[in-house]
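Trainee: Sequence first, then the predicted structure:
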Amino acid sequence: MNTLRVTKQQKRLEVLLNILAAVFMLAALAYLFLFINVPFITNSAVKVTVLSILCFIAAGNVRRFQLLTQIVIAGHIISELAVAVVLIMGYTGGTVDMLNPFTGEIIMSNPLLTILWGSVILDGVIIALLIWFYLSAEKSIYQLSYLSPAQFRTLVALSEALIEGKEEKVTPRDIAMNVDKYLSGFKAKSKWIFKIVLIGMQIYPLLSFKPPLTYLSSLKRRKFLEDRFYKDVFIVPEFWGNLVKVMIRVSKQMAYLGYYNDERTFESIGYKRFSERENVPERLKNLPAVERKPLKVHTSSDFNNVENINGDVVIIGSGAAGSIIAHNLIEKGREVILLERGEYTDPSQMNDDEVKMLSRLYSDGALQLSRDFQFQILQGSCVGGTTVINNAVCFDLPEDVLDRWNDPQLYDAGLSKEGLFGEAGSFKKMRGLMGVRSQDHNFLNRGSVPFKRGIENLNLNLSPNKFDVVEANILDCLGCGYCNIGCRYGKKLSMLDTVLPNIQRKHPDALKIIAGCEAHKIKGSGRKVKKIECVFRNGKKINITANTVIVSAGAVSSSLILLRSGIGNGRTGKNLCFNMGSPITAVFKEKINSYEGLQISHYIQLKPNRGYIIETWFNPPVAQALTMPGWFDDHFKNMRRYDHLSCAGILVPTQTNGEVKAAGLFGRDVKYIPAKDDLEKLIEGLILAGKIFFAGGAELILPHTFKYYEFKNENELEQLKDLVKKPGDITLGTGHPQGGNAISKNKSKGVVNPEFKVFGYDNLYVCDASVFPSSVGVNPQLTVMALADYSCEFIN
Amino acid sequence: MEKILGTGNSFTDYLFVLLVYAALFIVMRYANKRVELNFRKTFWILFWGWSVGVFIGNYLFYLIGIMSFLPWLNNFFHTFIWIGLCLTFLYAGCYKNPLWEQFLLFAIFSFTVKATERYFLGTWELPYFFFIDGNTAYIIGWSLMDGLYPFISMAGLKIVSKFSQGVLVPVY
């Protein structure tokens, strides 16, 4: 972008300012000579003269003197308000006389009211023209796709303060440009929250009688952010404190996302892209990327607006459950339409650009947050669903969890143990179909080496504890470390890579996939649902009629679809739960390069069960930066030792105290506040993970608390119990939302019966993680697949 | 105008009646926030059946002397808004409950509304309910009759379901 080029819009603003400068100067002369006896004439003459000078200077370089244009606009707005006050409350009955400057005789006399209204209209026109020309000039300067120029400048100012350290590799302006590109890359109802946050950050200093954020000097801005958003957050009332935390957290995310996705930063943090790593050509030669025939996918361009489509079975959602059900029903001879809200991305289009992939493959561009913005919920939104972006880790459903589900005093789920775990049971079947196997190979997350050492030093690997390499539906892993942004090499056996193409190859006409199309509402009459109203991202609508409708859109979306349709009133969306997670980072003296290798490689579960599981985990730079502890130079320093870090995630199965509502700011409201017990379990898990890392040779342990702490020894870890008292004190998130449409024999406890049929309907089924009566406590993918397989026995 | 509003009544009096309907509707919504998708067709069948049926019925009963005259606007409010919308909404939320419970619920709600209309509009005034003397007997009597809403609805829906698909017939 040529930043010095004067655009057509800038030129237009310059002309307007020059004209206004002349008009105001003439007006000043008129005040002095023609209206000499009007009260406050001095003020009027001064006002328009100043405005004229401001316009004149601003027109010289509208970019450099943009503040002056803003002042001219502000001056006119104040003038309008002043006249409005006079019109409403003042005396408007007199006249205004125009005098001959030489003789003093009255040339013309006008009612004051006419003059005031004339001023309102004239100022109004000037304000409208100035704002219009100013905004278009600003836009033309920055060439922004999503943010407004003012928001962009705020982001530049924030980036300048937040990315703080020696040898910054990307300018704040480039960071903001990167973020603008990211935000324009996906559609999400919640995206505007970023704009609101930026506006909020800009004006927040006004509350302290300071100029807006962008007008503060760099040093003062940094100090203001530290004082108001970081240090003093804890002394203001809780509601206000949370709001402030949200603002700074979101700002931080934007800045880090824009900085660490830029390849210019990679060398400085010791990160090498997969294609640049040693032995990669050899690895690719030995384990070549799998080439698959692209899926045949229908998009909005294949349909007319309000077109009616008839089908046999419609499945909403193409993830772990939807694809398995499609597979099984087609094998039984049914024809399936598979609806997917996200777009289709062929594995060959996937790459190591994290931000681009987040915006293409994740629900709401990975911005899905709970109502209080403190809990991030990550879900895939693309053909293949979450299986495309998860770590493919597979665990069987713990038998004690199934026993609890089936307990008549609790959930009374009525699921057959034999049907799930038997020799011909769904778990075994799915393990075979999906190629689930132990990932005991050479390309594991390198951060797991000190983790394993620590486990062994503490003897935690001994029975009855379970410590092992994870099982996953991954074959011949290359260890690129990009599981969460889509495997372009076809090694992860996701639905996109295996089940869906296999169906289309075997039964070319039986599966119709429609991508980018959201099932908005289900319509029906009596006990039969008949029609699904769908909307494409471009607004085009289609209606699909079907004999059987299966909702498999994931825990949040499935509940939303039912709620929007008025199905399962009073029960749908309730009992939402999660595997709540929080990371902990360990710093080592030696280089580890944890980013190389399978992202999740090992897990440990203590016996008897303590209520959490610990998994080793690491990410490419952006995702790691977003979960990296520290602020300002602490964060920068930590990212500079990115290649010396190892990381583990603690997963806690939460209580069922969440709820999905089809309401709120985004039309999809996730209400959830972690329970105290769950938070305590999490802290216990974090402390244990810290101890493991210390035993493995870590120098420092960094929890992801809101305030930054570096723990230097085991004893200091115990402080976490006192430092984290509320959810806002620590970063929390999940990739495993569950529940909302619980399965139960009892109509008052569940939304679907043990045959996965929604109570009160003959041809409507729900099958995905939303039917879990409680959290499974381990990665739920295999359970979702197994339940999907199990459900097909009942689907008519 | 008297025939429409009733003697001495103004639109303000009707507004108060509407406010009481709204308050009762809020109470009803505690148990059931929305009409379930599978009940919507049934809801509209019941709405039209009850609204039109009772609107005409009230006038016919007045003609044969077993009910007092309901001014036309009062009759419209009572039948279309109260019985048609509110009571059918109540039914949508409670039709799975035991019948005796439903009977009590409908009778109590109906009594409240009749007392309200009596208070604000001066209607529901007749000195007897069939062979029992007293205006109180008249109001209580017809409230108990309204308690039969679930029974009559069930019977009606059984008949309608023979001619139309998608009608939900409560089974006990």
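Mentor: Received the coordinates, thanks.
Trainee: quick one: A:Pro780 and A:Gln738 touch, right?
Mentor: Yes. Taking contacts as C-beta atoms under 8 Å, A:Pro780 lies within contact range of A:Gln738: 6.2 Å. (Glycine included, C-beta is placed from N, CA and C.)
Trainee: who touches both of these two?
Mentor: A:Asn579, A:Ala769, A:Phe772 (C-beta atoms under 8 Å, 6 or more residues apart in numbering or on different chains).
Trainee: how about the strands in chain B?
Mentor: B:128-129, B:132-133 (DSSP state E).
Trainee: for the stretch 1-150 of chain A, same thing?
Mentor: Using DSSP state E, counting those that start in this stretch, the strands found in the stretch 1-150 of chain A span residues A:95-99, A:106-111.
Trainee: Show me what the last one is in contact with.
Mentor: Identification of contacts with strand A:106-111 by C-beta under 8 Å, 6+ apart yields A:Leu34, A:Gly94, A:Thr95, A:Val96, A:Asp97, A:Met98, A:Leu99, A:Asn100.
Trainee: Give me the buried entries from these.
Mentor: For the contacts of strand A:106-111, a neighbour count by 16 or more other C-beta atoms under 10 Å in any protein chain shown gives the buried set as A:Leu34, A:Val96, A:Asp97, A:Met98, A:Leu99.
Trainee: which residues pair with the last one across the strands?
Mentor: Beta-bridge pairing for A:Leu99 (DSSP bridges): A:Ile106.
Trainee: Go through the shared contacts of A:Pro780 and A:Gln738 and flag which are in strands.
Mentor: Filtering the shared contacts of A:Pro780 and A:Gln738 for strands - DSSP E - leaves A:Asn579.
Trainee: Let me know the closest of the shared contacts of A:Pro780 and A:Gln738 to A:Ile522.
Mentor: A:Ala769 (19.4 Å; C-beta to C-beta).
Trainee: neighbours around the closest residue to chain A within chain B, how many?
Mentor: At 3.1 Å from chain A, B:Gly166 is the closest residue in chain B, using C-beta to the nearest C-beta. For B:Gly166, the neighbour count with other C-beta atoms under 10 Å in any protein chain shown is 16.
Trainee: what do you get for A:Ile126?
Mentor: 21.
Trainee: OK, contacts around it?
Mentor: A:Ile126 touches A:Leu20, A:His76, counting by C-beta under 8 Å, 6+ apart.
Trainee: what residues are up against the residue sitting nearest the centre point of chain B?
Mentor: Central residue of chain B (C-alpha atoms, centre = their mean): B:Ile83, 3.1 Å from the mean position. Applying C-beta under 8 Å, 6+ apart to B:Ile83 gives the contacts B:Trp50, B:Ser51, B:Val54, B:Asp146, B:Tyr149.
Trainee: Check whether the first one really touches B:Thr88, as I assumed.
Mentor: Spelled out, that is B:Trp50. Yes. Under the contact definition of C-beta under 8 Å, B:Trp50 touches B:Thr88, with a separation of 6.6 Å.
Trainee: if we can go back for a sec, single out the most deeply packed of the strands of chain B.
Mentor: strand B:128-129 (a mean of 17; mean count of other C-beta atoms under 10 Å in any protein chain shown).
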